[in-house]
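> Need a 3D model of the sequence below.
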Amino acid sequence: MNDGNAMGQVIQIDEARIRDHLGEMVRGTVEETLNAMLEAEADQLCGAGRYERSPARQDTRAGSYERTLQTKAGDVNLKVPKLRRQTFETAIIERYRRRESSVEEALIEMYLAGISVRRVEDITEALWGTRVSPSTVSNLNKKIYTKIEAWRNRRIEGEHPYLYLDGIVMKRSWAGEVRNVSLLVASAVNAEGFREILGICEGAKEDKSGWSSFLRHLVDRGLKGVQLVVSDACRGLVESVADYLPEARYQRCMVHFYRNVFSHVPSTRVREVSHMLKALHAQESRAAADEKARTVIADLRASRMAKAADLVEQAVHETLAYYAFPAIHWRKIRTNNPLERIMKEIRRRTRVVGAFPDGQSCLNLAAARLRHIAGT
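You can find the predicted model right below:
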């Protein structure tokens with residue numbers, strides 16, 4: 001028994017050294033395989049092997065040059081053949097490529113998933129032993145911008161009864177100054193009940209011209225069948241909806257409406273007024289909600305909250321449009337919360353950037369993030 005314990009102490013496995021040895025074996029195998037494939041390609045382009053005399057020969061070797069390729073197995077040293085009569089273009093590795101495509105894809109995914117460029121640099125150094133520069137990440141992202149633009153302008157298929165609209169203000173540099181730029185976003189629920197992100201556009205500001213341009217963009221791409229538009233009280237939005245989606249009703253976001261009312265209510269009375277408004281929107285029919293609204297308005301006036309009462313009297317009908325639709329949908333269509341959560345994701349992702357150099361880069365990153373969320 002003691003001999004066995006002694007033997008167990010003598011025979012020890014250094015797992016770290018084994019992993020390093022295996023990693024080096026894999027790296028060496030990858031390097032050897034890639035160089036063999038490059039040699040085979042050169043032979044094919046020449047029409048003959050190295051030093052082979054053949055009437056079918058079309059070119060001759062002119063030595064080689066070395067370059068490094070970063071792969072998941074580590075850095076491999078390649079000997080790229082040179083030819084005398086033609087440029088050696090390999091189908092295996094793109095000219096001037098320094099990284100394996102899977103590494104590049106990982107960099108892009110990290111960036112779009114919300115990791116800052118500085119953090120991407122740290123991660124790549126830890127994983128692959130090479131620190132990428134911000135310009136490298138930027139150049140890699142340009143590869144997907146054409147796909148993002150195609151996604152932004154894709155055809156909208158089918159009908160979308162419920163349309164959610166919202167805007168977000170970002171910062172951009174302009175002639176040495178930091179100015180605001182608005183991004184307008186649309187999501188919707190299709191006829192099958194699934195949620196979709198329909199589009200995003202840049203607007204100078206959230207006014208009628210900006211919303212009209214965005215809605216025209218959506219309609220031109222095929223948006224149809226909209227029965228209800230859900231949004232907060234954006235300036236010019238209601239008029240734009242009437243122009244481009246005349247058959248659709250307008251539902252003012254209930255949550256945003258509450259916030260507007262609370263701005264005219266003493267802080268000590270917010271809780272009380274909140275219960276009053278929630279009771280209004282908990283009625284079982286539009287007629288009952290209208291009756292409750294009159295009671296709420298009277299109570300607000302009696303409590304000397306005239307401005308809050310005036311706002312409820314003027315705009316509460318905009319928050320009750322959802323009563324015209326199936327009761328099972330009411331909780332989902334009386335607020336803009338589904339889109340608000342998406343907007344928070346955009347804000348989280350773009351916060352690390354600060355001020356964008358231009359509106360297009362701001363739009364590209366936000367659209368890329370939306371496409372990443374949508375999984376398309």
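
> Can you find the helix or strand in this protein with the smallest mean pLDDT?
Sorting the helices and strands of the chain by mean pLDDT, DSSP states H and E puts helix 2-10 at the bottom, at a mean of 50.

> Spit out the contact partners of I168.
Applying C-beta atoms under 8 Å, 6 or more residues apart in numbering to I168 gives the contacts 182-183, 185, 343, 346-347, 366. In this view, the C-beta of every residue, glycine as well, is placed from N, C-alpha and C.

> typo on my end, it should be L339
Contacts of L339 by C-beta under 8 Å, 6+ apart are 164-166, 185, 187, 230.

> element containing it, please.
helix 337-351 (DSSP states H and E).

> for that helix, the distance to its chain's centre please.
10 Å (C-alpha atoms, centre = their mean, to the nearest Å).

> repeat for stretch 211-229
Per C-alpha atoms, centre = their mean, the centroid offset for stretch 211-229 relative to its chain is 21 Å.

> ends of that stretch, how far apart?
One end of stretch 211-229 to the other measures 13 Å (C-alpha to C-alpha, to the nearest Å).

> Now do the buried residues in that stretch.
211-212, 214-215, 217-218, 223, 225-229 (16 or more other C-beta atoms under 10 Å).

> would you list every one of the strands in this protein?
Under the criterion DSSP state E, strands of the chain are mapped to 61-71, 74-83, 162-174, 177-189, 195-203, 228-231, 249-252, 355-356.

> got the contact list for the closest residue to P266 other than its chain neighbours?
Nearest residue to P266, sequence neighbours excluded (C-beta to C-beta, 6 or more residues apart in numbering): M305, at 7.8 Å. Neighbour list for M305: 264-266, 269, 273 [criterion: C-beta under 8 Å, 6+ apart].

> Burial check on the residue lying closest to Y162 once chain neighbours are set aside, number of neighbours?
Computed as C-beta to C-beta, 6+ apart, the closest residue to Y162 that is not its neighbour in sequence is V189, at 4.2 Å. V189 has 20 neighbours, counted by other C-beta atoms under 10 Å.

> just checking, V189 touches G158?
No: counting by C-beta atoms under 8 Å, V189 stays clear of G158, with 11.0 Å between them.

> so what's the residue nearest to G225 when sequence neighbours are not counted scoring on pLDDT?
Excluding the flanking residues, the one nearest G225 by C-beta to C-beta, 6+ apart is E159, at 2.6 Å. pLDDT recorded at E159 is 95.
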